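K.L.:
take a look and give me a structure for this.
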Amino acid sequence: MDISQFFNFFYSRSLLDIIFKIIVICLSLFYLLYSFIISKQVKIMDKSLHDEFNFVIFAVCSIQTTIAFILFIFSIFFA
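P.N.:
The predicted structure is shown next:
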């Protein structure tokens, strides 16, 4: 392999695409983990704080987790 071929591969558009895809997948994975942690915290909060409007918080939390999961799946397949 010639050194110019190595540099062409290293600086080519495909390598930047791979790096971009890895970053997007990692960020969406972190967002998914964040939404799971928030979901656990909301469940713990529900045990200590009883309110009649807790279903709204649960709904927002479940919507956030669903969106994070969909974003993660899309980032794997379409990024």
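K.L.:
next, residue 46: secondary structure please.
P.N.:
Under DSSP: H, G, I helix; E, B strand; the rest coil, the three-state class of residue 46 is helix.
K.L.:
give me the element the residue sitting nearest the centre point of the chain is part of.
P.N.:
The chain has residue 28 as the residue nearest its centroid, 1.8 Å off, counting by CA atoms, centre = their mean. Using DSSP states H and E, residue 28 sits in helix 13-48.
K.L.:
which parts of that helix are buried?
P.N.:
24, 28, 31-32, 35, 39, 42 (16 or more other CB atoms under 10 Å). No exception for glycine: its C-beta is placed from N, CA and C like everyone else's.
K.L.:
related to what we said a few turns ago, assess the claim that the residue nearest to the centre of the chain and residue 70 are in contact.
P.N.:
No: the pair residue 28 / residue 70 is not scored as a contact, 9.6 Å apart, by CB atoms under 8 Å.
K.L.:
returning to what we had before: put together JSON lines for the buried residues of helix 13-48, with distance to residue 57 and pLDDT on each row.
P.N.:
Listed next are those as JSON lines, based on distance: CB to CB, whole Å; pLDDT from 0 to 100:
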{"residue": "24", "distance to residue 57": "29", "pLDDT": "92"}
{"residue": "28", "distance to residue 57": "24", "pLDDT": "96"}
{"residue": "31", "distance to residue 57": "19", "pLDDT": "97"}
{"residue": "32", "distance to residue 57": "19", "pLDDT": "96"}
{"residue": "35", "distance to residue 57": "13", "pLDDT": "96"}
{"residue": "39", "distance to residue 57": "10", "pLDDT": "94"}
{"residue": "42", "distance to residue 57": "6", "pLDDT": "92"}
